[in-house]
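Asks: curious how this folds, go ahead:
(one chain, ligands or ions: 1)
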Amino acid sequence: MSAFERDGFLVLPQFVSAAACDQLRERALKLVSEFDPQGLVSVFSTREQSRLADDYFLGSADKIRFFFEVDAFLPDGKLKQSKEESINKIGHALHDLDPLFSSFSRTSELQKLVAELGVRDPLLLQSMYIFKQPRIGGEVNCHQDSTFLFTEPIDIVGFWFALEDATIENGCLWVIPGGHEVGLLSRWVRVAEEGMQFQRVGSGSFNEEKLVPLEVPKGTLIALHGLLPHRSLANRSPKSRHAYTLHVKGGQSLYPSDNWLQRPPEMPLRGF
Ligand code: FE2
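Replies: Okay, here's the model as predicted:
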């Protein structure tokens, strides 16, 4: 049995060069600088507009869209910090729409790793650039990625690239080694009209006492089995913790129509 099969994750230091990390970071910052938040700020800052915020998220499978940190806003709806320091993430089709993100996501090294991890005829499903901003970087609760990207059989692998050093202080990833053995606990499914809902599918639970931090230097790649429980804590430190994530599925697995992420027919998923 490989370490990935046993533990549900793999840490690969120096998988990408510091220069490649910096290039991606610069590109992400350029995208943010070109992004006009006018109009969207009101969508994300008021509770009444949550339906619009949901639609903005659910329509992002084939787009490059910008999502704010929950704590980005003052009570009057204005941003606390600059636009550049208020974005939580960019998603979810950077890897298909932006040439630099596409080449970063389609290296021969990554293709080889995907094959070694047993994903056959891989398709690149979603990408996210995560800022984990200084002081306001939000917490991500313990979850399994296959909850949000369900396939039959389950063959999702997440690739998490540290574009800056990730420490406990600035909100590194935490995982439960071997925790993928619990099986899938829930699915996040589209329910007609009402949007999305969690649906319980398994009887187990996460043993969160077993979470361990993965403090990794810039350039490290962490591969995560779709069933591996993981989380990250809030970033209250003065340092950001930029990361890029890419999710891959096997070409033959079933991808249900009630998953949130649906590509339009004119923009099908692509491989390497
Ligand atoms: Fe995740």
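
Asks: show me where the stretch 51-200 of the chain has helices.
Replies: Shown for the stretch 51-200 of the chain, the helices assigned by DSSP state H, counting those that start in this stretch span residues 94-97, 99-105, 108-116, 145-148.

Asks: regarding this structure, what is its longest helix?
Replies: Criterion DSSP state H: the longest helix present in the chain is helix 18-34.

Asks: let's see it as CSV, backbone CA atoms only.
Replies: Output in CSV follows, covering the C-alpha atoms of helix 18-34 (Å, rounded to 0.1, in the frame of the first residue of the first chain):
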residue,chain,number,x,y,z
ALA,A,18,9.9,29.7,-5.9
ALA,A,19,9.8,31.5,-9.2
ALA,A,20,6.7,29.7,-10.4
CYS,A,21,5.0,30.4,-7.1
ASP,A,22,5.9,34.1,-7.4
GLN,A,23,4.6,34.2,-11.0
LEU,A,24,1.3,32.8,-10.1
ARG,A,25,1.0,35.1,-7.1
GLU,A,26,1.7,38.1,-9.3
ARG,A,27,-0.9,36.9,-11.8
ALA,A,28,-3.5,36.5,-9.1
LEU,A,29,-2.8,40.0,-7.8
LYS,A,30,-3.1,41.4,-11.3
LEU,A,31,-6.5,39.7,-11.7
VAL,A,32,-7.7,41.2,-8.4
SER,A,33,-6.4,44.7,-9.4
GLU,A,34,-8.4,44.5,-12.7
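
Asks: list the contacts of it.
Replies: With CB atoms under 8 Å, 6 or more residues apart in numbering as the test, helix 18-34 has contacts from 64, 66, 83-84, 87, 90, 98, 100-101, 104, 129, 131, 161-164, 218-219, 242, 244. C-beta here means a position set from N, CA and C on the backbone, and glycine is covered the same way.

Asks: quick one: buried residues of that helix?
Replies: Neighbour counts using 16 or more other CB atoms under 10 Å place 20-21, 23-25, 27-28, 31-32 of helix 18-34 among the buried residues.

Asks: CA atoms only for stretch 195-215 - export them in PDB, please.
Replies: Written as PDB, here are the backbone C-alpha positions of stretch 195-215 (Å, rounded to 0.1, in the frame of the first residue of the first chain):
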ATOM      1  CA  GLY A 195     -30.400  26.100  -3.900                       C
ATOM      2  CA  MET A 196     -28.000  23.800  -2.100                       C
ATOM      3  CA  GLN A 197     -28.400  21.500   0.900                       C
ATOM      4  CA  PHE A 198     -26.300  19.000   2.800                       C
ATOM      5  CA  GLN A 199     -27.400  15.500   2.600                       C
ATOM      6  CA  ARG A 200     -26.200  12.900   5.100                       C
ATOM      7  CA  VAL A 201     -24.900   9.800   3.400                       C
ATOM      8  CA  GLY A 202     -22.600   8.100   6.000                       C
ATOM      9  CA  SER A 203     -23.000   7.200   9.700                       C
ATOM     10  CA  GLY A 204     -19.400   8.000  10.900                       C
ATOM     11  CA  SER A 205     -18.000  11.200  12.200                       C
ATOM     12  CA  PHE A 206     -14.600  13.000  12.000                       C
ATOM     13  CA  ASN A 207     -12.300  12.400  15.000                       C
ATOM     14  CA  GLU A 208     -11.100  16.000  15.100                       C
ATOM     15  CA  GLU A 209      -8.800  15.300  18.000                       C
ATOM     16  CA  LYS A 210      -6.600  13.500  15.500                       C
ATOM     17  CA  LEU A 211      -6.100  16.600  13.300                       C
ATOM     18  CA  VAL A 212      -2.500  17.400  12.700                       C
ATOM     19  CA  PRO A 213      -1.100  20.600  11.200                       C
ATOM     20  CA  LEU A 214       0.900  20.500   8.000                       C
ATOM     21  CA  GLU A 215       3.300  23.300   8.200                       C
END
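
Asks: cool, thanks, talk later.
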